[in-house]
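Participant: take a look and give me a structure for this.
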Amino acid sequence: MVRVDGNGKDSLIKVRNLDKTYKRGGEDVHVLQGLNLDVAKGEFVAFMGPSGSGKTTLLNLLGGLDLPTAGSIDVAGDAVSRMSGNKLTTWRARHVGFVFQMYNLIPVLTAFQNVELPLLLTGLSKTQRKQHVETALALVGLDHRSNHYPRQLSGGQEQRVGIARAIVADPTFLLCDEPTGDLDRKSADEILSLLEQLNHEHGKTILMVTHDPLAAERAHSLLHMDKGVLVEAARVGEVGGVR
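Facilitator: Next up, the predicted model:
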């Protein structure tokens, strides 16, 4: 279940009165304003809205890549918004899987090595890391391309490697920022089907920013953002403009 009124009780993710303000040319730019959000475990949520509405900023805050100006973020009982430094880095490595529009793979590393990167921050042995990477690559259907470099892969395959990297440490939730924005329709649909599989079969909680209505249709719930405020929440297929 997803709520935007701050009344969720047993949510995996709880956001309360979240503000984010940046300084630009001596002026305060309010990117997020008093945002409340509750996301239950196992939800697949899509965020839509115009550029500059705060969608990516929200994902960065939820993933511990940035800290709020005011308000709180709690994930599975962890007060993320009050962490800093090494504690936040450790939390992020354990609990968050990031999927980016431009894949963010390292060109000089193979698919296997790119997927292994998050595990280097853990205490896993080399053998354990190998097992995790092989499992993740098999799950995205690329175990046969583990020794290939990004330049040897298609865009859709690169994004599959990116997803394998995001799930290799078995994170609590996935944050996907325009995961299909650089792909053709066929490749985009394949990536969306993979995300659905991760959600339905493996119980992964997914929060996805997208400008693509066809991508939003794959989610359970759709949240619209405008000027840093959540202005509409819909169960996909039931309320306004999604189908």
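
Participant: the longest helix out of those in the chain - contacts with which helices or strands?
Facilitator: If you go by DSSP state H, the chain has its longest helix at helix 185-202. With contacts taken as 3 or more CB pairs under 8 Å, 6 or more residues apart in numbering; DSSP states H and E, helix 185-202 sits against strand 44-48, helix 155-167, strand 173-177, strand 205-209, helix 213-216. The C-beta positions use only the backbone N, C-alpha and C, and glycine is treated the same way.

Participant: mind running it again at 6 Å?
Facilitator: helix 155-167 (3 or more CB pairs under 6 Å, 6 or more residues apart in numbering; DSSP states H and E).

Participant: before we move on, the earlier item: and the longest helix of the chain, how far from the chain's centre?
Facilitator: 14 Å (CA atoms, centre = their mean, to the nearest Å).

Participant: just the CA atoms of that helix, as CSV, please.
Facilitator: This file holds the C-alpha atoms of helix 185-202, laid out as CSV (Å, rounded to 0.1, in the frame of the first residue of the first chain):
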residue,chain,number,x,y,z
ARG,A,185,10.6,0.2,-27.0
LYS,A,186,11.4,-3.5,-27.3
SER,A,187,14.4,-3.3,-24.9
ALA,A,188,12.4,-1.1,-22.6
ASP,A,189,9.6,-3.6,-22.4
GLU,A,190,12.1,-6.4,-21.6
ILE,A,191,13.6,-4.3,-18.8
LEU,A,192,10.2,-3.5,-17.4
SER,A,193,9.3,-7.2,-17.5
LEU,A,194,12.4,-8.0,-15.6
LEU,A,195,11.5,-5.4,-12.9
GLU,A,196,8.1,-6.9,-12.7
GLN,A,197,9.6,-10.3,-12.2
LEU,A,198,11.9,-9.0,-9.4
ASN,A,199,8.8,-7.5,-7.8
HIS,A,200,6.3,-10.4,-8.2
GLU,A,201,8.6,-13.4,-7.8
HIS,A,202,11.3,-12.1,-5.5
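
Participant: so residue 211 is in which element?
Facilitator: Per DSSP states H and E, residue 211 falls between elements, in no helix or strand.

Participant: can you get me a residue count around it?
Facilitator: Residue 211 is flanked by 14 other residues according to other CB atoms under 10 Å.

Participant: what do you get for residue 219?
Facilitator: Residue 219: 27 surrounding residues under other CB under 10 Å.

Participant: for the closest residue to it other than its chain neighbours, list the residues it contacts.
Facilitator: Spatial nearest neighbour of residue 219, excluding adjacent residues (CB to CB, 6 or more residues apart in numbering): residue 46 at 3.7 Å. Residue 46 sits next to 208, 210, 216, 219, 222 when contact means CB atoms under 6 Å, 6 or more residues apart in numbering.

Participant: wait, which of those is closest to residue 102?
Facilitator: residue 210 (14.7 Å; CB to CB).

Participant: state the phi and psi torsions of that closest one.
Facilitator: Backbone dihedrals for residue 210, given as degrees, to the nearest 10, come out at phi -150, psi 150.

Participant: follow-up on the earlier one: show me the beta-bridge partners of the residue nearest to residue 219.
Facilitator: residue 208, residue 222 (DSSP bridges).

Participant: quick one: the helices in the chain?
Facilitator: 55-62, 85-95, 111-116, 126-139, 155-167, 185-202, 213-216.
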